[in-house]
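**Student:** Provided below for reference: sequence and predicted model.
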Amino acid sequence: MRKASAPLLFDDEELDGDRTRRNPVAPAQVSVSAKKKKVQRRTPDGFEVHSFRTLLQVLGAGCRNLCQIPSDPNGVAFHQLTELTPTQARAFQLLGL
């Protein structure tokens, strides 16, 4: 989950690709794109960059409400989902949900 949502996180997305090209003994260098995300606190798509914990909090804000008209106790109850925020929608897209 963390790897799939890396474009929304402070994580370095290029780290896995650089493993085959860099010196295995030397410490890994932070990529230019990761430095840019850290400074600007925005992804190239314009979304706010999150830690994994804060992204989970954003995703946890969605809910499914059970609704029923109070004036009609025998009426039909239905479930209503909250609308996704753009960040939630992007995260679900990255996760393939």
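**Tutor:** Right, received. Where do you want to start? Numbering: from 1, shown residues only.

**Student:** helices along this structure, start to end?
**Tutor:** Assigned by DSSP state H, the chain shows helices spanning 15-18, 32-40, 52-60, 86-95.

**Student:** show me the contact partners of the third one.
**Tutor:** The one in question is helix 52-60. Residues from elsewhere that reach helix 52-60 (CB atoms under 8 Å, 6 or more residues apart in numbering): 2, 5, 8, 9, 11, 50, 85, 87, 88, 91. For glycine as for every other residue, the C-beta is placed from the backbone atoms N, C-alpha and C.

**Student:** would you mind checking those residues for buried ones?
**Tutor:** Buried members of the contacts of helix 52-60, counted by 16 or more other CB atoms under 10 Å: 5, 8, 9, 11, 50, 87, 88, 91.

**Student:** what distance do you get for the third one to residue 72?
**Tutor:** For residue 9, the distance to residue 72 equals 46 Å [CB to CB, to the nearest Å].

**Student:** from the buried ones among the contacts of helix 52-60, which two are the most distant?
**Tutor:** Taking CB to CB as the measure, those span a maximum distance of 18.6 Å, between 11 and 88.

**Student:** got the helices of the chain as a markdown table, with distance to residue 66 and mean pLDDT columns?
**Tutor:** Converted to a markdown table, those look like this (distance: least, CB to CB, whole Å; pLDDT from 0 to 100):
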| stretch | distance to residue 66 | mean pLDDT |
| --- | --- | --- |
| helix 15-18 | 43 | 68 |
| helix 32-40 | 39 | 85 |
| helix 52-60 | 18 | 94 |
| helix 86-95 | 21 | 94 |
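
**Student:** with that, I have no additional questions.
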